[in-house]
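*Asks:* My questions are about this predicted structure, shown below with the sequence.
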Amino acid sequence: MSFLLPKLTSKKEVDQAIKCTAEKVLVLRFGRDEDPVCLQLDDILSKTAPDLSKMAAIYLVDVADTPVYTQYFDISYIPSTVFFFNGQHMKVDYGSPDHTKFVGSFKTKQDFIDLIEVIYRGAMRGKLIVQSPIDPKNIPKYDLLYQDI
Amino acid sequence: MAPPQRCPLCRQTFFCGRGHVYSRKHQRQLKAALERFLPQVEAARKAVRAAQVERYVPEHERCCWCLCCSCEVRKHLSHGNLTVLHGALLEHLASPEHKKATNKFWWENKAEAQMKEKFLISPQDYARFKKSMVKSLDYYEEKEDEVIKEMAAQIREVEQSRQEVVRSVLEPQAEPDPEEGSSAPGSRKGTNSQVASSSQQPSFLDLPPAPELDWMEPGQPLTFIGHQDVPGVGNIHSGATPPWMIQDEEYSSGNQQIGPSYEEFLKEKEKEKLKKLPPDRVGANFDHSSSTSAGWLPSFGRVWNNGRRWQSRHQFKTEAAARNKQQPHKETS
């Protein structure tokens, strides 16, 4: 599944993708190819990528290749998916503590498609943060660990 | 002549008075009508002995026309999502109003007396029907319970096999990750034991909640890759500059010019807009860079609505002279 999606292997490539993807939602999956939850997520991404080709561009990034981004986005759990539109980071309120990225895998392809559509529409209207259409039951739960607390 | 009377069976008006009822036509109609009604009653009578209970289907809303009472009567008796076949018809046939109506019908239409009994259900028969209905209802409930229990057993089996697969996959992975945060393996063990205990419980009702919890606290929990906390350097939550906005040292000065690329961008926007217009509109291939001369409008001889003829002729001659002067110039050049 992960061989079906394009990969970005350096900070420069990621920069390029962020700056050059125009009028489409940019989806960056930060994770590792062998991790089981990443595999589930990659499966969903690769199956929906052709259908969403006009609305979204999907790329995979290994967390080991881009420590700058891993650290900037505070990626402690993998997989984490970050969304951009026209070079601007899009935040989504999933009902989870972290709005800057989606942690874990989606339950169904339809969830992911709905989320991309909501982000696209919000971005077209000029919104930088949108409300997630996914049922809170289907959002993976995780503990946000704070250092030194 | 007798006053006009309408015979509902033949659906015609007759002037023969009471004599019509004895006519061949009427008797024929009567026979046909009774023959149509008889099978329904016979089916209902059979149900007296052995009542059948079935799951409700919209088809059970069908009505049947009772000839004697001339009204629509429901055939089957439904309540909730169960139906007793022929229940409502039997109830109607056993009712005293139907008996009275049947007697009236027989007297008015002069039908055969032996046939009358066939269309009536005695109260004793109705009581017998009620008893058999209760019995078959119980039997139906038992059958449904059995089906539900079978389904539950099946679901339990499938869950078990799935759990085993998951466990067998996770075991080899557990060893190579000794540095996982304390929460992750702890929560995994907790979920596994919870699921194992719930699958061993025999009651059916506990099964739906357990699979749901499975998803929310994933059986394969998210991999933890350590706190991304480098002191001194901000991250997205602290509002630091994003890495893609930070200029790299490798960037050449040429790339930092945004002039031409911005113009290119605008041109691209214009082109996109033009693409949306229909390709065979007028002037689609108009060359905007060509120059136009003063005489670009076609001349129709300058015919005006007022003024004299010699004025337009004069104008035409001037223009023709100017055009002719232009042409030899062009030819020589």
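*Replies:* Thanks, I have it.
*Asks:* And the biggest helix by length in chain A, what does it pack against?
*Replies:* For chain A, the longest helix by residue count, based on DSSP state H, is helix A:109-124. Applying 3 or more CB pairs under 8 Å, 6 or more residues apart in numbering or on different chains; DSSP states H and E, one finds that helix A:109-124 contacts strand A:25-31, helix A:36-48, strand A:80-85, strand A:88-93, strand A:129-131. Backbone N, C-alpha and C define where each C-beta goes, glycine included.
*Asks:* Okay, buried residues for the second one please.
*Replies:* Of all the residues in helix A:36-48, those buried under the rule 16 or more other CB atoms under 10 Å in any protein chain shown are A:36-46, A:48.
*Asks:* Name the residues that touch that helix?
*Replies:* Contact with helix A:36-48 is made by A:1-2, A:4-5, A:27, A:29, A:31-33, A:58, A:60, A:78-79, A:81, A:104-106, A:108-109, A:112-113, A:116, B:169, B:173, B:218, B:220, B:222-223, as judged by CB atoms under 8 Å, 6 or more residues apart in numbering or on different chains.
*Asks:* Equivalent analysis for the third one, please.
*Replies:* Strand A:80-85 is contacted by residues A:18, A:21, A:24-31, A:41, A:73, A:89-90, A:92, A:100-103, A:119-120, A:123 when judged by CB under 8 Å, 6+ apart.
*Asks:* let's see 6 Å
*Replies:* A:18, A:25-30, A:73, A:90, A:101-103, A:119, A:123 (CB atoms under 6 Å, 6 or more residues apart in numbering or on different chains).
*Asks:* And for the shortest one?
*Replies:* Defining contact as CB under 6 Å, 6+ apart, one finds that strand A:129-131 is touched by A:91-93, A:118-119, A:122.
*Asks:* Check stretch B:10-20 too.
*Replies:* B:1-2, B:4-7, B:26, B:29.
*Asks:* how about the helices and strands packed on helix A:109-124, which one is nearest B:Ser293?
*Replies:* strand A:80-85 (50.8 Å; CB to CB).
*Asks:* what is the mean pLDDT for that closest one?
*Replies:* Averaging pLDDT along strand A:80-85 gives 94.
*Asks:* What strands line up against that strand, and which way round?
*Replies:* Sheet pairing here is set by DSSP bridges, and for strand A:80-85 it gives strand A:25-31 (antiparallel), strand A:88-93 (antiparallel), strand A:102-103 (antiparallel).
*Asks:* and the residue of the stretch 1-150 of chain B nearest chain A?
*Replies:* In the stretch 1-150 of chain B, the residue that lies nearest chain A is B:Ile148 (25.4 Å; CB to the nearest CB).
*Asks:* before we move on, back to that, going through the contacts of helix A:36-48, which ones are buried?
*Replies:* By 16+ other CB under 10 Å, these give A:1-2, A:27, A:29, A:31-32, A:58, A:60, A:78-79, A:81, A:104-106, A:112-113, A:116, B:218, B:220, B:222-223 as buried.
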